[in-house]
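Engineer: structure of the sequence below:
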Amino acid sequence: MHFSVKKLFFLLTSISAINAHDSSSHYHSPSNDIRCPKGSHISFVHNSFTFDAPLHKFTHVVKSFFDITWYGGLPTTAMTGTDNVPGATRFGPVDKHNSFNETLTMYSLTEDALTYTYHGIKFTYALPGFNHSPAHIDAYAETMRFESICAGRATYIDLLTYICSNDTATAYNA
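Structural biologist: Residues are numbered from 1 along each chain as shown. Have a look, this model is predicted:
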């Protein structure tokens, strides 16, 4: 049977989600559905990490949708809505010519996990030090999941980003 990368990724993440979570877990897969306009291509970046520190060490720092200084050093300069409530938006500079504009679409904080998803809109990004055209990011969605593991002694972090861009290689490196 032939599997496309997309189908294989969906299958593996579905199996992982089923195996990694028992019936007491509150995790569910959030929507990262983005539509790429003509001339734009979908790509994704998936990173996962495990740290020998309890979940509360992370949620203390990362639990606010409005405060993302911990994530790439980007400041949030304007916000609308209520922090951590779907529909809230945050805005800030990406560089001297571009800004991010993100909307929270899902937020869940339980005793054993923090998960949230947000969608972002169009901007252009040039990687410092690269001598090629900047990437035009048409849309993106990111899910961050912080989960308590090892009887509360460690934390698993899962970051999944979907990107619509004219240049998937530059978007991947952004």
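
Engineer: who is the residue sitting nearest the centre point of the chain paired with across the strands?
Structural biologist: Nearest to the mean C-alpha position of the chain, by C-alpha atoms, centre = their mean, lies Glu142 at 2.4 Å. For Glu142, the beta-bridge partners under DSSP bridges are Tyr118, Thr161.

Engineer: what's the answer for Thr124, then?
Structural biologist: In beta-bridge terms (that is, DSSP bridges), Thr124 pairs with His136.

Engineer: which residues does it contact?
Structural biologist: 97-98, 134-137 (C-beta atoms under 8 Å, 6 or more residues apart in numbering). All C-beta spots, glycine's among them, are computed from the backbone N, C-alpha and C.

Engineer: same check on Asn47?
Structural biologist: Contacts of Asn47 (C-beta under 8 Å, 6+ apart): 158-159.

Engineer: tell me the first helix or strand C-terminal of whichever strand or helix holds it.
Structural biologist: Assigned by DSSP states H and E, Asn47 falls within strand 41-51. For strand 41-51, the succeeding helix or strand toward the C-terminus, using DSSP H and E, is helix 55-62.

Engineer: sheet-wise, list the partners of the helix or strand just after that next one with their directions.
Structural biologist: Downstream of helix 55-62, the first helix or strand assigned by DSSP H and E is strand 78-80. Using DSSP bridges, strand 78-80 pairs in its sheet with strand 89-93 (antiparallel).

Engineer: rewinding a little: what's the angle between the strand holding Asn47 and helix 55-62?
Structural biologist: 130 degrees (axes from the mean of the first three to the mean of the last three C-alpha atoms, to 10 degrees).

Engineer: buried residues, strand 41-51. List them.
Structural biologist: Within strand 41-51, the residues that qualify as buried are 42-44, counting by 16 or more other C-beta atoms under 10 Å.

Engineer: is it true that Trp70 touches Val62?
Structural biologist: Yes. Counting by C-beta atoms under 8 Å, Val62 is a contact partner of Trp70 at 6.1 Å.

Engineer: looking at the two, which one has more neighbours?
Structural biologist: For Trp70 versus Val62, neighbours defined as other C-beta atoms under 10 Å are more numerous around Val62 (17 against 11).
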